[in-house]
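Undergrad: Sequence first, predicted model second:
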Amino acid sequence: MSAHALLLKYIQNSEKAFADIKLQHEGQVQSRDSIVEVIEYAKRYLSDAKFYGEKQQYETGLVSVAYCEGMLDALRLLGLVEFKWPNTQKKP
C-alpha cells in the first residue's frame, strides 16, 4: 500500500475515533482538563497529517497521524477515554 493510501486510511480511522470518543467517569488520576488537553494535541497532529497529505508529503503525514493515534491509544489504555478503532478487516 502506498504512503498516500496509508495516510488517508489512518486519517479516516482517527477521525472516526474522535467522533466516538467518550471521557470516562471522574475520579481518575488525571483531571478532565488534562485529558481534554491531550485530546486537543492529538487533534492538532491529525490536522498536521491532513496538511502534509495535501502537500503530498505523505511520509511526514504518516508520522503526524501516528502520533495522533499513539496519544489516543495511550488515553484508552489508561482507561481515561473510550472509543473503538474502526474494524478494517474484511470478513469472508
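TA: Structure's in. What do you need?
Undergrad: The chain: helices as residue ranges?
TA: 3-20, 32-54, 58-77 (DSSP state H).
Undergrad: So for residue 84, which of the ones you listed sits nearest?
TA: Proximity to residue 84 (Cβ to Cβ) singles out helix 3-20 among those, at 6.7 Å. Any C-beta I mention is one placed from the backbone N, CA and C, and that applies to glycine too.
Undergrad: Select, out of the helices of the chain, the one closest to residue 83.
TA: helix 3-20 (4.5 Å).
Undergrad: what helices or strands is that closest one leaning on?
TA: Here helix 3-20 touches helix 32-54, helix 58-77, going by 3 or more Cβ pairs under 8 Å, 6 or more residues apart in numbering; DSSP states H and E.
Undergrad: circling back: please identify the most buried of the helices of the chain.
TA: Compared across those, helix 58-77 shows the largest average neighbour count, a mean of 18 (mean count of other Cβ atoms under 10 Å).
Undergrad: how big is the angle separating that one from helix 32-54?
TA: 160 degrees (axes from the mean of the first three to the mean of the last three Cα atoms, to 10 degrees).
Undergrad: what packs against helix 58-77?
TA: Using 3+ Cβ pairs under 8 Å, 6+ apart, helix 58-77 is in contact with helix 3-20, helix 32-54, strand 81-82.
Undergrad: between the ones you listed, which gets nearest to residue 60?
TA: helix 32-54 (4.4 Å).
Undergrad: In CSV, list the C-alpha atoms belonging to the closest one.
TA: The C-alpha coordinates for helix 32-54 follow below in CSV (Å, rounded to 0.1, in the frame of the first residue of the first chain):
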residue,chain,number,x,y,z
ARG,A,32,-10.7,16.2,32.9
ASP,A,33,-8.9,19.3,31.7
SER,A,34,-5.7,17.3,31.3
ILE,A,35,-7.4,14.6,29.3
VAL,A,36,-9.1,17.2,27.1
GLU,A,37,-5.7,18.9,26.6
VAL,A,38,-4.1,15.6,25.4
ILE,A,39,-7.1,15.1,23.0
GLU,A,40,-6.6,18.6,21.6
TYR,A,41,-2.9,17.8,21.0
ALA,A,42,-3.9,14.6,19.2
LYS,A,43,-6.4,16.7,17.0
ARG,A,44,-3.5,19.0,16.1
TYR,A,45,-1.4,16.1,15.0
LEU,A,46,-4.4,14.9,12.8
SER,A,47,-4.6,18.4,11.4
ASP,A,48,-0.9,18.3,10.6
ALA,A,49,-1.3,14.9,8.9
LYS,A,50,-4.0,16.4,6.6
PHE,A,51,-1.9,19.4,5.8
TYR,A,52,1.1,17.3,4.8
GLY,A,53,-1.2,15.0,2.8
GLU,A,54,-2.4,18.0,0.8
